[in-house]
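Enquirer: build me a model from this:
(4 chains)
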2 protein chains.
Amino acid sequence: MPGLPVNAPYHHGDLRAAALQMGMERLASQEQPDLGLRALARDLGVSATALYRHFPNKDALLDALALEGLNRLGQHQAEAAAQAGGGHDGFGEVGVTYVTWAVENPALLRLIYSRVGQVDLAADDPTAMGEAFRQLRAGIAAMMPDEMSKDRRAAAALHAWSLVHGLAMLILDGQVEYDPAMVRKVVLMTDFSASH
Amino acid sequence: MPGLPVNAPYHHGDLRAAALQMGMERLASQEQPDLGLRALARDLGVSATALYRHFPNKDALLDALALEGLNRLGQHQAEAAAQAGGGHDGFGEVGVTYVTWAVENPALLRLIYSRVGQVDLAADDPTAMGEAFRQLRAGIAAMMPDEMSKDRRAAAALHAWSLVHGLAMLILDGQVEYDPAMVRKVVLMTDFSASH
DNA sequence: TCGCAATGTTTATGCTGTTAACATGCGTCT
DNA sequence: AGACGCATGTTAACAGCATAAACATTGCGA
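Expert: Sure, this is the predicted structure:
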């Protein structure tokens, strides 16, 4: 039994990592990337079925890519939150950042949301995908103004998430043209200190 | 040249309409319907390639289904708007209705948004899909309070559309559990008469 | 050094969308 | 009425896909 390095290179030299990297590159550079096993294997200079030694099936590969993307999104959100300095204004900036990141990573955001919904919760690693998303949710909720009641905080967090996610999806689906100024105006429109 | 009945039955008896109806039934009854040409043809009691006499390819079939779904959504929105009686409160009800319809027609809503974005705008019938969506947008914009400036109306309409669409997608993707009371609270949270 | 297990390849299966060639029959025109 | 034509449906075939099984290779641990 080997020590710690789980991904020790064998014949190819860590084909798993190479496949994931190539997948991430395609997700970053193309709007509708070809993530077929044959296409990936061909461009990796490897036979069509070699990837089955590292992933049980195609969905597992996509899940791994989605998880990596989710981690990057979460990290990006955390950076934006830290830079904005918290508070009401900072929270707005985080929302704008979400939309901006989505526009810059359309295929990756779509992959994340297409995969995270149908993850088998009884799988081997229940913490992988679900935990990353739970962290994202917690981050959103934690950024709400302190003076709110717990109930209102939950509703406000869901409101904020829905707003930026919906705006991002409408832009990605081509229903709304991307206009940074308009995005800013729309996202910052909500006044969370209002009544209700 | 025949008169008005464009879809006169031949051998099968209007296979095109039968295929669309079966597709709509599957979209209505299943979360991830099998809309494969072979599966549809088999259940229609027809050979696998018969549908190519009525649709140039699979995408055309899906586009036709998405268009039908879009019309139903628009009609549903119009009914909700009329019932709500316009005004600020009525507008909120329309938003709640959007989310409710999405929850009740998840596969159809997903199909609509997945197809409408990549429609070839230079196609034969440029009015079909795009026009239906333009009508939906116009309906949303027309429902904004009258006292707003044109600019603010546009931003508020996009805000409202983003909010309900994002909330619907989060529910459909399994990120948020469907809770009618919570949906109502979140959708009605925005106060459009606020400053900015 | 030997062996085993991890890695990669070859081959094969059943699915998919799609095309071409062929068959059938309703509608129309003479 | 009869024949032609075109819309419709069928059969056969092809390329691509994900995937599984059998086989080959190679590096690490005992």
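
Enquirer: and whichever strand or helix holds A:L20, what's buried?
Expert: Secondary structure assignment for A:L20, by DSSP states H and E: helix A:15-29. Across helix A:15-29, burial judged by 16 or more other C-beta atoms under 10 Å in any protein chain shown covers A:15-16, A:18-20, A:22-24, A:26-27. To be clear about C-beta, it is placed using only N, CA and C from the backbone, and glycine gets the same treatment.

Enquirer: turn these into JSON lines, columns for pLDDT and distance to A:R42.
Expert: Putting the buried residues of helix A:15-29 into JSON lines (pLDDT from 0 to 100; distance: C-beta to C-beta, whole Å) gives the following:
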{"residue": "A:L15", "pLDDT": "93", "distance to A:R42": "13"}
{"residue": "A:R16", "pLDDT": "95", "distance to A:R42": "17"}
{"residue": "A:A18", "pLDDT": "96", "distance to A:R42": "13"}
{"residue": "A:A19", "pLDDT": "97", "distance to A:R42": "12"}
{"residue": "A:L20", "pLDDT": "97", "distance to A:R42": "16"}
{"residue": "A:M22", "pLDDT": "97", "distance to A:R42": "11"}
{"residue": "A:G23", "pLDDT": "98", "distance to A:R42": "14"}
{"residue": "A:M24", "pLDDT": "98", "distance to A:R42": "18"}
{"residue": "A:R26", "pLDDT": "98", "distance to A:R42": "13"}
{"residue": "A:L27", "pLDDT": "98", "distance to A:R42": "18"}
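
Enquirer: could I get those as JSON lines with distance to DNA strand C?
Expert: Below are these laid out as JSON lines (distance: C-beta to the nearest atom of the strand, whole Å):
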{"residue": "A:L15", "distance to DNA strand C": "4"}
{"residue": "A:R16", "distance to DNA strand C": "7"}
{"residue": "A:A18", "distance to DNA strand C": "8"}
{"residue": "A:A19", "distance to DNA strand C": "9"}
{"residue": "A:L20", "distance to DNA strand C": "13"}
{"residue": "A:M22", "distance to DNA strand C": "14"}
{"residue": "A:G23", "distance to DNA strand C": "15"}
{"residue": "A:M24", "distance to DNA strand C": "18"}
{"residue": "A:R26", "distance to DNA strand C": "19"}
{"residue": "A:L27", "distance to DNA strand C": "21"}
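
Enquirer: how about the residues you listed, which pair is most distant?
Expert: A:L15 and A:L27 (18.3 Å; C-beta to C-beta).

Enquirer: please name the nearest non-neighbouring residue to A:L111.
Expert: Nearest residue to A:L111 in three dimensions, chain neighbours excluded: A:A66, at 5.0 Å (C-beta to C-beta, 6 or more residues apart in numbering or on different chains).

Enquirer: from the chain's centroid, how far away is the helix holding A:L20?
Expert: Centroid separation between helix A:15-29 and its chain, computed with C-alpha atoms, centre = their mean, to the nearest Å, is 15 Å.

Enquirer: can I get that helix in CSV, CA atoms only?
Expert: Backbone C-alpha positions of helix A:15-29 (Å, rounded to 0.1, in the frame of the first residue of the first chain) are rendered in CSV as follows:
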residue,chain,number,x,y,z
LEU,A,15,-3.5,10.6,-16.8
ARG,A,16,-6.3,11.5,-14.4
ALA,A,17,-4.9,14.9,-13.6
ALA,A,18,-4.1,15.5,-17.3
ALA,A,19,-7.7,14.6,-18.3
LEU,A,20,-9.1,17.0,-15.6
GLN,A,21,-6.8,19.8,-16.7
MET,A,22,-7.7,19.4,-20.3
GLY,A,23,-11.4,19.3,-19.4
MET,A,24,-11.0,22.5,-17.3
GLU,A,25,-9.2,24.2,-20.2
ARG,A,26,-12.0,23.3,-22.6
LEU,A,27,-14.6,24.5,-20.1
ALA,A,28,-12.7,27.8,-19.8
SER,A,29,-12.1,28.4,-23.5
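
Enquirer: do that helix and DNA strand D meet?
Expert: No: among the residues of helix A:15-29, none lie within reach of DNA strand D under C-beta under 7 Å from any atom of the strand; the closest is 11.6 Å away.

Enquirer: what residues does that helix touch?
Expert: Here helix A:15-29 makes contact (C-beta atoms under 8 Å, 6 or more residues apart in numbering or on different chains) with A:7, A:12, A:33-35, A:40, A:43-44, A:46, A:50-51, A:53-55, A:61, A:64-65, A:68-69, A:105, A:107-108, A:111.

Enquirer: how about 7 Å then?
Expert: A:7, A:33-35, A:40, A:43-44, A:46, A:50-51, A:54, A:61, A:64-65, A:68-69, A:105, A:107-108, A:111 (C-beta atoms under 7 Å, 6 or more residues apart in numbering or on different chains).

Enquirer: could you flag which of the residues you listed are buried?
Expert: A:33, A:35, A:40, A:44, A:46, A:50-51, A:54, A:61, A:64-65, A:68-69, A:105, A:107-108, A:111.

Enquirer: quick one: the helices in chain A, in order.
Expert: Using DSSP state H, the helices found in chain A span residues A:15-29, A:37-43, A:58-84, A:87-104, A:106-116, A:128-142, A:150-172, A:180-187.
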